[in-house]
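Asker: test case, fold it:
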Amino acid sequence: MAATLAALAAPAPAARLTQPAERAFDSYVAEVEARLAKDRTASVPYLVDPVNGGSWSVPGGRLHHWRAAALVPGATTEDMLALLRDHDHHARFYAPEVVSSGVLRNGGNSATVAMRFQKHRIVTVVLDAEFESRSGLLEGGRRGFSFSRSTHLWQVDRPGSPEERRRPEGEDDGFLWRLNSYWSFEQTAGGLRMECEAVSLTRDVPAGLGWLIIPIIRTLPRDSLQFTMAATRNALVARRPEHDRAN
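Answerer: This next block holds a predicted model:
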């Protein structure tokens, strides 16, 4: 027990994002995006599943890939697109994980988005991020998509204090180095079917701490995606007229 508490209290050694880790992430993302461009499979009403085991080591880091799906009765593709594009209010829809959010550049179907979010597992980690987002409707509005690719991620030390500072990109604790999200949604007779795949890159497991860290880094991406799906469903339900929600 004493050894466990000491391990939890001690910070993991600092990590550095390496070119092999970046290449592994970019190569895997290219495969995922190629598949998504041509494959839209039907899903069950609700699921959160790992892809390729959910988490695995690559040179210099660790990749994570999870997929979730849900069915939202009464929601429409227009509702979903409006929600995903409402970047200025994502901190309200996705609290407490998203602390602040806003649009840096809006190009209609594309946008550059700034976001501060936090992850909590034993300790709370705050990150500033910028994403390139692209979204739209297909097939006369029956289907839609939204892709979000991280372009910058900074770990924030002492957030909210006068001593707040961003660490240099890729020179931090390695909790999150890359994060891409891929939404697809479709109008069905039962409501709006939505799916999201999240691909992320983190540091690998520090030597000697695998027994402690592996369960955390394997469940954090899953739990984060599960939270995102639930928050998205709740936001879509809240957009429906009051009389529809009562029925």
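Asker: could you count how many residues lie near the residue lying closest to residue 143 once chain neighbours are set aside?
Answerer: Spatial nearest neighbour of residue 143, excluding adjacent residues (C-beta to C-beta, 6 or more residues apart in numbering): residue 186 at 4.7 Å. In short, each C-beta sits where N, CA and C put it, glycine included. Per other C-beta atoms under 10 Å, the neighbour tally for residue 186 reads 19.
Asker: ok, now which ones touch residue 186?
Answerer: 40, 77, 142, 143, 144, 192, 193, 194 (C-beta atoms under 8 Å, 6 or more residues apart in numbering).
Asker: out of those, list just those in helices.
Answerer: The helices, defined by DSSP state H, take in residue 77 from the contacts of residue 186.
Asker: returning to that earlier point: may I have the phi/psi pair for the residue nearest to residue 143?
Answerer: Main-chain torsions, residue 186, degrees, to the nearest 10: phi -150, psi 140.
Asker: may I have the beta-bridge partners of it?
Answerer: Per DSSP bridges, the residues bridged to residue 186 are residue 143, residue 193.
Asker: okay if I get the contacts of residue 186 as JSON lines plus pLDDT and distance to residue 60?
Answerer: As requested, the contacts of residue 186 are exported to JSON lines (pLDDT from 0 to 100; distance: C-beta to C-beta, whole Å):
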{"residue": "40", "pLDDT": "56", "distance to residue 60": "33"}
{"residue": "77", "pLDDT": "97", "distance to residue 60": "40"}
{"residue": "142", "pLDDT": "94", "distance to residue 60": "42"}
{"residue": "143", "pLDDT": "96", "distance to residue 60": "37"}
{"residue": "144", "pLDDT": "97", "distance to residue 60": "36"}
{"residue": "192", "pLDDT": "96", "distance to residue 60": "39"}
{"residue": "193", "pLDDT": "95", "distance to residue 60": "37"}
{"residue": "194", "pLDDT": "96", "distance to residue 60": "33"}
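Asker: who wins on neighbours among the contacts of residue 186?
Answerer: Counting neighbours by other C-beta under 10 Å, residue 194 comes out on top of these with 25 neighbours.
Asker: residues contacting it?
Answerer: Each residue near residue 194 by C-beta under 8 Å, 6+ apart is listed here: 69, 70, 71, 72, 80, 183, 184, 185, 186, 229, 232.
Asker: what pLDDT does the residue nearest to residue 143 get?
Answerer: pLDDT recorded at residue 186 is 96.
Asker: same question for residue 4.
Answerer: Note on residue 4: pLDDT of 37.
Asker: and what of the one 3 residues further on?
Answerer: According to the per-residue confidence, residue 7 scores 39 in pLDDT.
Asker: and for residue 113?
Answerer: Residue 113 is assigned 98 on the pLDDT scale.
Asker: ok, it - contacts?
Answerer: So residue 113 contacts 87, 101, 102, 103, 104, 130, 131, 132, 133, 148 (C-beta under 8 Å, 6+ apart).
Asker: got a list of what the fourth one touches?
Answerer: Taking C-beta under 8 Å, 6+ apart as the definition of contact, the neighbours of residue 103 are 87, 88, 111, 112, 113, 114.
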